[in-house]
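> here is my input; please provide its structure:
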Amino acid sequence: MRLSTFVLPLLIAASLSACKRDQSAAQDAPKDAPAAAAEAPATPAASADAAPATAPAAAAPAAAATVKAFDLQSVPVTDKALPAFPYLATPSGLDPRRVNVGLEVEFDRISVIAGEELRRVEGKILRRNFPMDELKWSSLAAHRNYENALKAMGATRVDAVHPMDEQFVVRNGGSEREILKKMSINDLGAREDAEVPGFEQWLLRTPTTNIWMSFYVYGSYVHLLTVEEKALQQVVQTLPAAELSSALRKDGHVALYLNFDTDSQIIRQDSRPAVEEVVKLMQGEPGLKLRVEGHTDVTGDAAHNRKLSLARAQSVVQAIVDKQIAAERLTAVGKGPDQPLADNSSEAGKAKNRRVELVRV
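Down below sits the predicted model:
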């Protein structure tokens with residue numbers, strides 16, 4: 001529309017100044033600029049065309065709301081020799097006593113930012129912070145130091161959105177506080193330097209695992225969070241078929257401790273022998289019917305955990321059915337965190353609560 005409005009006055013000026021012998025040339029102009037000729041008769045016609053032209057702008061918010069799925073494979077695998085966990089050291093010259101450890105667990109679930117997504121990961125976690133005053137650091141100095149260290153290891157920065165971005169918050173439940181809680185972040189306040197990122201999420205991919213590292217400055221403190229993805233190292237032994245049968249006769253139920261892929265219903269290979277024992281049990285007792293219950297700990301969103309526990313119970317049922325056990329002998333149920341066996345305040349308690357139970361029906 002702006003091109004047409006600009007061309008029209010030029011055509012009018014040319015027609016006023018041209019002599020009659022040039023009029024034939026001027027008449028050719030509409031053939032080269034049909035849009036201008038179409039709009040020439042009246043200004044209101046141009047206004048009528050303006051509404052359709054601006055229509056795509058109204059659709060922009062919907063397009064912006066579409067989140068591109070994060071492609072983990074797009075992040076290169078590092079070939080660098082890496083230090084031991086937690087990979088990032090605190091600065092030399094800093095008194096170790098001034099390093100505060102806020103969270104240190106061998107296994108738990110936490111959320112990270114991957115592209116524009118809030119992604120749940122499980123593994124070993126360490127959260128630390130330390131004051132910058134002893135180092136005489138600015139926010140920029142802290143940012144540059146850790147940016148250089150992360151790049152030297154082969155890490156890639158993967159956050160495409162700030163945790164407190166309005167649209168990001170809306171897409172993930174609407175509560176800033178809940179998002180920060182899932183990410184194990186106490187607070188994200190005003191930055192001292194507007195040119196320094198208020199939050200940075202880095203991913204270090206190795207041939208065997210993914211290492212997520214968050215970095216931010218809040219107040220006068222540097223905050224570091226390291227998550228090394230790994231499966232839970234199960235300490236409870238699998239019961240053989242005979243002991244499963246004995247427990248079901250005595251108590252009516254028995255717990256299985258299986259390993260699944262992170263935030264997934266896929267049974268890991270190291271847990272397949274436990275499923276095989278259930279198959280043997282049902283082959284030996286043709287009249288036995290079982291309810292397979294999935295259970296989780298309290299970490300994360302309860303509704304999500306109920307769905308996940310159901311999916312895992314269904315996965316176990318399918319694995320048994322695949323071994324020629326009749327499907328009508330099995331029922332899958334997801335209990336989520338609603339029926340704990342132990343206190344969820346400790347890692348040992350959480351591990352005991354993450355289970356699949358067989359219940360005689």
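> tell me which element the residue lying closest to residue 254 once chain neighbours are set aside is part of?
Among residues not flanking residue 254 along the chain, residue 247 sits closest, at 3.9 Å (CB to CB, 6 or more residues apart in numbering). C-betas here are computed from N, CA, C, even on glycine. In this structure, residue 247 sits in helix 241-251 according to DSSP states H and E.
> which parts of that helix are buried?
Going by neighbour count (16 or more other CB atoms under 10 Å), the buried part of helix 241-251 is 241, 244, 245, 247, 248.
> how about stretch 210-221?
Those would be 210, 211, 212, 213, 214, 215, 216, 217, 218, 221, for stretch 210-221 by 16+ other CB under 10 Å.
> so how far is that stretch off the chain centroid?
Taking CA atoms, centre = their mean, to the nearest Å, one finds the center of stretch 210-221 at 17 Å from the center of the full chain.
> nearest residue to residue 261 other than its sequence neighbours?
Computed as CB to CB, 6+ apart, the closest residue to residue 261 that is not its neighbour in sequence is residue 268, at 6.4 Å.
> quick one: contacts for the one you found?
Residue 268 sits next to 231, 258, 259, 260, 261 when contact means CB atoms under 8 Å, 6 or more residues apart in numbering.
> at 7 Å what do you get?
The neighbourhood of residue 268, defined by CB atoms under 7 Å, 6 or more residues apart in numbering, consists of 231, 259, 260, 261.
> and what of residue 298?
Counting by CB under 7 Å, 6+ apart, residue 298 has contacts 337, 344.
> against residue 101, how distant is residue 319?
For residue 319, the distance to residue 101 equals 40 Å [CB to CB, to the nearest Å].
> looking at these two, which is more packed in?
Between residue 319 and residue 101, residue 319 has the larger neighbour count (other CB atoms under 10 Å), namely 19 against 9.
> tell me how many other residues crowd residue 81.
6.
> distance-wise, check it relative to residue 207.
12 Å.
> go on, residue 144?
Per CB to CB, residue 144 is found 29 Å from residue 207.
> so between those two, which is more surrounded?
With neighbours defined as other CB under 10 Å, residue 144 and residue 207 compare such that residue 144 has more, 13 against 7.
> tell me which element that one is part of?
In this structure, residue 144 sits in helix 139-153 according to DSSP H and E.
> where in this protein is pLDDT low?
Residues of the chain meeting the criterion pLDDT under 70: 1-65, 190-194, 232-237.
> which residues in it form helices?
2-17, 23-32, 34-39, 43-58, 60-65, 139-153, 166-171, 176-182, 241-251, 272-284, 302-321, 347-353 (DSSP state H).
> ok, residue 335 - contacts?
Residues counted as contacts of residue 335 (CB under 7 Å, 6+ apart) are 293, 294, 295, 309.
> top of the residues you listed by neighbour count?
residue 294 (28 neighbours).
> hmm, back to that, from the buried residues of stretch 210-221, which is closest to residue 182?
When the buried residues of stretch 210-221 are compared for distance to residue 182 (CB to CB), residue 214 wins out at 12.2 Å.
> residues contacting the closest one?
Contact analysis of residue 214 by CB under 7 Å, 6+ apart lists 112, 200, 201, 225.
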